[in-house]
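In: sequence first, predicted coordinates after that:
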Amino acid sequence: MLGFCRHIMTSLLLLAGIIVSSSAAAQTWTDVVAPDLRFKIEMPAPVDRGTVNEKESSYIGPRTVYQAALNAQNFDFDHIDYRADFAGLQNSKDMVLDLGRGAVEKAFPKDKFKYVRDEAVVLEGWDGYALDVESEKGDGVMMRTYVVKNRLYRLLVSYAADEASKSAAKRFIDSFKVADTH
């Protein structure tokens, strides 16, 4: 009988370990570092990377897109390089405002959504825009837009109305770092 109880106890401990390991594996985060070492961001694993060719005369290449998901949250990060002579780069404050707000007011009308954060920001000396929008239920979206030299970075993450989800969204947003200096 004692042997059987030990076997059950050992099995339960192993099962608990597998559950904890599975839960921890689902929560694994990874550093995404640009091949040219210009940025680093932390995202839930696995991260899908792709490119999108956009026909804009001011772009010098495709948009690079990184996407991940965690507990029904979407984590999206992308960047695209502009031609060095692109006039919009001359006033990056206006550029990030236009790109950071863009079609947001149509997608998230102010009569239905609360604009929790809606302001110009600076990241390591570079102009950016922060826009956080929440529904009446408390779920929402955090968005950041930055112009660093000739590169546009955009971050977008959704979150549920719970602290764990909001914490994961904040972790993603706060992890973004650039290596470019003025």
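Out: Received, thanks.

In: okay, now Asp36: neighbour count?
Out: For Asp36, the neighbour count with other C-beta atoms under 10 Å is 9. C-beta here means a position set from N, CA and C on the backbone, and glycine is covered the same way.

In: surely it is in a strand?
Out: No: secondary structure of Asp36, determined by DSSP: H, G, I helix; E, B strand; the rest coil: coil, with no strand assignment.

In: now do it, the pLDDT please.
Out: According to the prediction, Asp36 has pLDDT 88.

In: what of the one 5 residues further on?
Out: In this model, Ile41 is scored at 97, pLDDT.

In: list the contacts for it?
Out: Under the criterion of C-beta atoms under 8 Å, 6 or more residues apart in numbering, the contact list for Ile41 reads Asp31, Val32, Tyr66, Phe77, Leu155, Phe172, Ser175, Phe176, Lys177.

In: please redo it, this time with the cut-off set to 7 Å
Out: Residues in contact with Ile41, defined by C-beta atoms under 7 Å, 6 or more residues apart in numbering, are Val32, Phe77, Ser175, Phe176.

In: need these in a markdown table (columns: pLDDT, distance to Asp111 and secondary structure).
Out: Conversion of those to a markdown table gives the following (pLDDT from 0 to 100; distance: C-beta to C-beta, whole Å; DSSP: H, G, I helix; E, B strand; the rest coil):
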| residue | pLDDT | distance to Asp111 | secondary structure |
| --- | --- | --- | --- |
| Val32 | 96 | 37 | strand |
| Phe77 | 97 | 30 | strand |
| Ser175 | 97 | 33 | helix |
| Phe176 | 97 | 31 | coil |
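
In: now which of those would you call buried?
Out: Neighbour-count burial (16 or more other C-beta atoms under 10 Å) is assigned, among the contacts of Ile41, to Val32, Phe77, Phe176.

In: how many neighbouring residues does Glu54 have?
Out: 10.
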